[in-house]
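**Q** Turn this into a model:
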Amino acid sequence: MSPDTPEPERARERTDGTDARPGEALRPGDAPRPGGPPPEREQPPGWPGGLPVPAGTPVTAPGADPLAGHPGVVAELPGATRSGRPLLTALGVVALLTALGVPLGLLWAWAAPATPVRQTPAGAVYVTTQPEQPIAADGWFSLLTLGFGVLAAVALWVLLRRRRGPAGLLAVTLGGLGAAVAAWQVGRRIGLSAFQRLVETAPPGTAFTKPVDLRAGGVDWYGPLPLPHGNLLLAAFGAAVTYTLLAGWSRWPSLRPEPESGAAWPPPPGFSSAPGDQPAR
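**A** Numbers count the residues shown, from 1 in each chain. Prediction:
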């Protein structure tokens with residue numbers, strides 16, 4: 001190439017890599033020289049510089065996934081979590097919520113008023129023609145179970161952040177239904193045996209009270225299949241609606257907490273980042 005060669009021609013020759021001197025680095029935008037080393041591949045944001053992931057590396061290999069180990073995002077590498085773990089968690093939530101129906105039934109029996117009755121020669125009858133106490137018992141049960149379902153959904157959303165999703169929705173819905181049935185059976189049985197004994201043995205004119213029970217709800221049996229209805233469904237309804245609304249208002253598409261877009265990912269396990277750390281193997 002002569003000194004008279006115009007500068008654009010020089011730029012073209014350098015871009016082609018045919019006239020670059022040995023050891024001379026290409027400028028930004030220059031094409032790689034034939035036979036030269038391939039350019040470095042750009043690393044993902046937050047990935048330690050100079051540590052490329054070789055092609056064909058399994059995603060479960062240590063250091064292959066920059067999200068692995070990030071607090072609140074990925075607890076374990078894919079494949080390390082057993083497939084039955086979400087199912088066991090859901091069953092545990094259903095069992096726990098159903099067990100909480102026992103104190104809920106005690107609270108209902110304490111808050112709702114009992115109905116006054118009087119023994120007659122024809123049997124026990126209400127003191128008043130249209131007593132308000134059974135309606136109050138239904139109202140108290142509806143309010144308590146609906147509030148229980150809402151609180152259960154919020155607690156499950158906050159405490160089990162890594163299990164958010166359809167499994168959590170199903171678990172809190174079935175758990176709310178089980179808690180309502182348990183609360184109904186526990187509350188209605190408090191004082192029931194004494195009431196039945198007085199109905200059978202009390203002399204005419206004896207006044208006593210009938211324990212709380214539901215008029216607007218119950219369980220119908222279709223063969224071996226029980227089907228709850230009425231206000232027994234309010235706990236499950238409140239839990240399902242609350243959990244769905246929380247999912248709809250979530251700021252994360254995966255429903256699980258994720259780091260901010262500008263936050264850097266932490267270095268994967270096995271890599272040294274501090275100045276005094278020993279080099280990784």
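**Q** need the helices for this protein, in chain order.
**A** In the chain, the helices defined using DSSP state H lie at 7-16, 85-99, 101-111, 133-159, 166-189, 192-201, 234-248.
**Q** count of neighbours near Pro166?
**A** Applying other C-beta atoms under 10 Å, we find 11 residues neighbouring Pro166. All C-beta atoms are positioned from the backbone trio N, CA, C, and that covers glycine.
**Q** my bad, Pro113
**A** A count of nearby residues for Pro113, using other C-beta under 10 Å, gives 14.
**Q** Quick check: the gap between it and Gly139.
**A** Between Pro113 and Gly139 the computed distance is 11 Å (C-beta to C-beta, to the nearest Å).
**Q** For stretch 112-125, buried residues please.
**A** For stretch 112-125, a neighbour-count test (16 or more other C-beta atoms under 10 Å) marks Ala112, Ala114, Thr115, Val117, Gln119, Ala124 as buried.
**Q** ditto for stretch 163-175
**A** Arg163, Arg164, Gly168, Leu169, Ala171, Val172, Thr173, Leu174, Gly175.
**Q** can you tell me how far Thr242 sits from Gly175?
**A** Counting by C-beta to C-beta, the gap from Thr242 to Gly175 is 13 Å.
**Q** Same check on Ala111?
**A** Ala111 is 22 Å from Gly175, by C-beta to C-beta.
**Q** Pull out the CA atoms of stretch 141-155 and give them to me as CSV.
**A** The C-alpha coordinates for stretch 141-155 follow below in CSV (Å, rounded to 0.1, in the frame of the first residue of the first chain):
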residue,chain,number,x,y,z
PHE,A,141,-71.0,-17.4,61.7
SER,A,142,-71.0,-15.6,58.3
LEU,A,143,-68.9,-12.7,59.6
LEU,A,144,-66.4,-14.8,61.5
THR,A,145,-65.8,-17.3,58.7
LEU,A,146,-65.6,-14.6,56.0
GLY,A,147,-63.1,-12.7,58.0
PHE,A,148,-61.2,-15.9,58.7
GLY,A,149,-60.9,-16.6,55.0
VAL,A,150,-59.6,-13.1,54.2
LEU,A,151,-57.0,-13.2,57.0
ALA,A,152,-55.9,-16.7,56.0
ALA,A,153,-55.3,-15.6,52.4
VAL,A,154,-53.3,-12.6,53.5
ALA,A,155,-51.2,-14.7,55.9
